[in-house]
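Engineer: This is a predicted model, with the sequence first.
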Amino acid sequence: RGVMGYRQGVALVIGAGILWSFMGLIVRQIDGAGAVSVVFWRSAGMAPVILGFLILRRGRGTWASLRATGMAGVIAGLGISLAYLGAIYALQATTVANAVFLFSAAPFFSAVLGRVVLGERVSSWTWAAMALAGLGIFVMIGGSLGGVSLGGGGRMDGNLAALASAFGFAVFTVALRSGRIGDMMPANLLGAGLSMLAAALLAPALGQTLAASPRDIAIAMAMGAVVLAGGMILFTFGSRRLPAAEATLFSSVENILAPVWVWALLGETATLNTLIGGAMVLGAVILNAYRGALGATLAGRRAIG
């Protein structure tokens, strides 16, 4: 049963990554809605699905599970809200390849935050991987340091939004660890609610509106309900059967496939700098996750022995 459980976990986590990889392609189908509008309606589509999932699992204990997250859950919700807002803005403002490769920096932000906030040890291997990822990020965005043209490394505002999204996800991850919250779904539900609130407050400040065409609203809500929430549910079940490093490793399929969909179906290409830098970032993530998974396997064997 252990082998079957592991294989099912791998399949579920890869399935989550494949679902999430369609995010950029779907955002490209939205015609006129701004980033805050997309975040609002996407969260509106996601929240009922996650709530229904929690009710099916916990029944009357759903409200208690939300309250149990405490302040750590609120911080996690704020972090994931930043991740959502940054991701949508980045996907609209820069190429999908640039955005998703920069999203890949999240585990390294998590490592640094974990060291600062929780005092967690960061291995020399992870520091080396972060250095490689940092170099890759510089290669990717170096061409846009002097302006906003997509001709170099993508629009700088889109690149910064992607890094802000990665940082937000790191805050989410570290907050869950600090509060010893084993189930991320209640925090994700809080994040959906906080995202809607943030979008409603930001829209007038940015001169935008939450209003959008029925088509754009339908696309955004479907993205939240099917792609985002569906991926979270698959990842929740799958990650319980895998070490954390392996879950990170297998879910990286999202960042590999996302640029492929927009290239194959929309003809959106990436610059050479993006491909080289993105390969460096993604390679650092995969190697670090593989190293962590290998270390966990060896530790398990030593414990058995």
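Structural biologist: Cool, the structure landed.

Engineer: Nearest spatial neighbour of residue 171, chain-adjacent residues omitted?
Structural biologist: residue 79 (3.0 Å; CB to CB, 6 or more residues apart in numbering). In this view, the C-beta of every residue, glycine as well, is placed from N, C-alpha and C.

Engineer: Who are the packing partners of the helix or strand encompassing that neighbour?
Structural biologist: Element membership for residue 79, per DSSP states H and E: helix 70-93. Secondary-structure packing of helix 70-93 (3 or more CB pairs under 8 Å, 6 or more residues apart in numbering; DSSP states H and E): helix 23-27, helix 35-58, helix 96-103, helix 156-178, helix 185-205.

Engineer: Okay, now the unreliable bits of the stretch 101-250 of the chain?
Structural biologist: For the stretch 101-250 of the chain, applying pLDDT under 70 flags the ranges 142-154, 244-245.

Engineer: let's see 80
Structural biologist: Applying pLDDT under 80 to the stretch 101-250 of the chain flags the ranges 141-155, 179-183, 240-249.

Engineer: picking up where we left off before, would you mind measuring from the residue nearest to residue 171 to residue 190?
Structural biologist: Distance, residue 79 to residue 190, using CB to CB, to the nearest Å: 10 Å.

Engineer: follow-up on the earlier one: now the helix holding residue 79 - C-alpha only, CSV.
Structural biologist: Once non-C-alpha atoms are left out, helix 70-93 reads as follows in CSV (Å, rounded to 0.1, in the frame of the first residue of the first chain):
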residue,chain,number,x,y,z
GLY,A,70,-5.2,31.8,14.2
MET,A,71,-2.9,34.8,13.4
ALA,A,72,-0.6,32.5,11.4
GLY,A,73,-3.6,31.7,9.1
VAL,A,74,-4.4,35.4,8.7
ILE,A,75,-0.7,36.1,7.8
ALA,A,76,-0.7,33.2,5.4
GLY,A,77,-3.9,34.5,3.9
LEU,A,78,-2.4,37.9,3.4
GLY,A,79,0.7,36.3,1.8
ILE,A,80,-1.3,34.2,-0.6
SER,A,81,-3.4,37.3,-1.5
LEU,A,82,-0.1,39.1,-2.5
ALA,A,83,0.8,36.0,-4.5
TYR,A,84,-2.5,36.1,-6.4
LEU,A,85,-2.4,39.8,-7.1
GLY,A,86,1.2,39.7,-8.2
ALA,A,87,0.7,36.6,-10.4
ILE,A,88,-2.2,38.0,-12.4
TYR,A,89,-0.5,41.4,-12.9
ALA,A,90,2.7,39.7,-14.0
LEU,A,91,0.9,37.4,-16.4
GLN,A,92,-0.8,40.4,-18.0
ALA,A,93,2.2,42.6,-18.0
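
Engineer: Next, the buried residues of it.
Structural biologist: Buried residues in helix 70-93, counted by 16 or more other CB atoms under 10 Å: 72-93.

Engineer: swap in stretch 207-227?
Structural biologist: 210, 212, 216-217, 219-221, 223-227.

Engineer: which one of the residues you listed sits closest to residue 51?
Structural biologist: Among the buried residues of stretch 207-227, residue 225 lies closest to residue 51 (CB to CB), at 11.4 Å.

Engineer: So the closest one sits against residue 44, correct?
Structural biologist: No - using CB atoms under 8 Å as the test, residue 225 is too far from residue 44 to be in contact (9.0 Å).
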